[in-house]
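Chemist: I need the structure of the sequence given here:
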Amino acid sequence: MALPDLLAHAKLTVGPLFFLDMPSPMGRALDLVPLHGDYTALLRSSSLSNSIVRDNAQALFGESMIVQDGDEHHRQRLPWSAPFTPRGLAGGEVGGLVAEIVARHIEAWVRIGRVRVLDVTQHLTLELIFRLLGSPSGDLAEWRAQYRRLLLVVARLPVEFPGSPASRGERARTWIDARIDELLARRLCGGADGSFLASLAAASALGSRSMRDDHLRDNLKLLFLAGHETTATAMSWLLVELGRSAELFRRLQAEAEHVGGLPSSPEDTRRFPFATSLVREVVRLYPPVPLITRVVREDLEILGHTLARGTRVTVPLVEAGRDPSRYPAPLRFDPDRWRGRNVTPASSETLAFGAGPHFCLGYHLAILQLVTFAVAVALTCKARGKRPTHPSRRPRSVWFPVAAPIGASIRFD
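Modeler: Residues are numbered from 1 along each chain as shown. Coordinates of the predicted model:
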């Protein structure tokens, strides 16, 4: 049973608060799932901690901001707040780099004529992240291989041995750490060159809250670990939905032709309201991270029940986006539901990116990438006399740890 169906079934048969057995590479655990209430307020609550990430995946994320709470989280996040704002992203090379890479990949897909969606979007977003980090494109294959091995550090076996998954992951982590140190040294020696990596490094060194070198490295590693998989899945669903509806694609193409060119910054995406609505609808219906888990660190009341310290609470973002009281006909893919809404969405409308202190730092970068992607698909297909096509039914999907269409292919006819 798919995760959204399981949640709907549980709500009908068990009620709005229940325990769910959550298997993962780190083992199994019972998580309390609330299916009612203000998810935004819950994620903002100081009674919940993100320590679960430290407990289960510190080998993957190190001492980066994602494993921190309170003052330490704020100390690490604050220096990077400015570079990730729309103004900060507009001030560097980001917009042009995104446009160049996205357009080149889509041009290749259209020439090939048929692609496996998730494979090609993962390749695209991985190049985006690594190029933002200043890695030459010729190193991409090795980075990708090392990244895949790095994920093995969480696959702990009762007995470790040379060649075990965790030991291969540890070797990959050593390789990646060394390469990030090289990239940073190259950028710092070159001074402020206007690159995104240089702006992050410079922001990390400012003031009394300057980031330690190992924290800087861990946070850069977090950037490409968290930043490429989630954006790739959203791009995949966007391409699938465009392939399923000739009318949606026609409207997107008309807007892209009217405006001309690709967005150059987060502010520039406002010239593409329909493309932006497509993106918002994709992340509503297919939130890249469907579940967010926190741990109760002081007694907390949910739906009339007091939760004791140490209780794991999983917030179902996928259910929040399918709430019929907020989104009529929630299972219908309908970008027009965003027409007339505020240009700046409310916090309840961006829950796919989290809420509270750990709200996705890369939100504006992700929106820029996704809108640029939609517009580039439209313009490239127009130039080639093609359009994306996909069977009318939705593809099979996985929902954990990210929501992704499995085995889906797109043709450009």
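
Chemist: Please enumerate the strands of this structure.
Modeler: Assigned by DSSP state E, the strands in the chain fall at 17-24, 27-34, 48-49, 114-116, 291-296, 300-302, 305-307, 312-316, 388-389, 397-398, 404-405, 409-412.

Chemist: Now do the contacts for the nearest residue to Ser49 once chain neighbours are set aside.
Modeler: Leaving aside its sequence neighbours, Ser49 sits nearest to Arg297 (Cβ to Cβ, 6 or more residues apart in numbering; 4.4 Å). Heads up, the C-betas are built off the backbone N, CA and C, glycines and all. By Cβ atoms under 8 Å, 6 or more residues apart in numbering, the contact list for Arg297 reads Ser47, Leu48, Ser49, Ser51, Arg309.

Chemist: How about Arg326?
Modeler: With Cβ under 8 Å, 6+ apart, Arg326 has these contacts: Ser348.

Chemist: just to revisit the earlier point, show me which of the contacts of Arg297 are buried.
Modeler: Neighbour-count burial (16 or more other Cβ atoms under 10 Å) is assigned, among the contacts of Arg297, to Ser47, Leu48, Ser49.

Chemist: Make a markdown table out of the strands of the chain and add distance to Val98 and mean pLDDT.
Modeler: What follows is the strands of the chain, written out as a markdown table (distance: least, Cβ to Cβ, whole Å; pLDDT from 0 to 100):
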| stretch | distance to Val98 | mean pLDDT |
| --- | --- | --- |
| strand 17-24 | 32 | 81 |
| strand 27-34 | 36 | 79 |
| strand 48-49 | 34 | 93 |
| strand 114-116 | 20 | 97 |
| strand 291-296 | 26 | 92 |
| strand 300-302 | 40 | 89 |
| strand 305-307 | 42 | 90 |
| strand 312-316 | 30 | 92 |
| strand 388-389 | 20 | 96 |
| strand 397-398 | 26 | 87 |
| strand 404-405 | 21 | 92 |
| strand 409-412 | 21 | 97 |
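
Chemist: deepest of these, which one?
Modeler: For the strands of the chain, ranked by mean neighbour count under the definition mean count of other Cβ atoms under 10 Å, the leader is strand 404-405 at a mean of 24.

Chemist: Tell me the gap between that one and the middle of its chain.
Modeler: On the basis of Cα atoms, centre = their mean, to the nearest Å, strand 404-405 is displaced by 13 Å from the centre of the chain it belongs to.

Chemist: ok, residues contacting that strand?
Modeler: Taking Cβ under 8 Å, 6+ apart as the rule, strand 404-405 contacts Val117, Leu118, Ala232, Thr233, Ser236, Trp237, Val240, Arg394, Pro395, Arg396, Ser397, Val398.

Chemist: any idea which of these is the one closest to Thr372?
Modeler: Thr372 lies nearest to Ala232 out of the contacts of strand 404-405, by Cβ to Cβ, at 14.1 Å.

Chemist: contacting residues for the closest one?
Modeler: By Cβ under 8 Å, 6+ apart, the residues touching Ala232 are Leu118, Thr121, Gln122, Leu124, Thr125, Leu126, Ala404.
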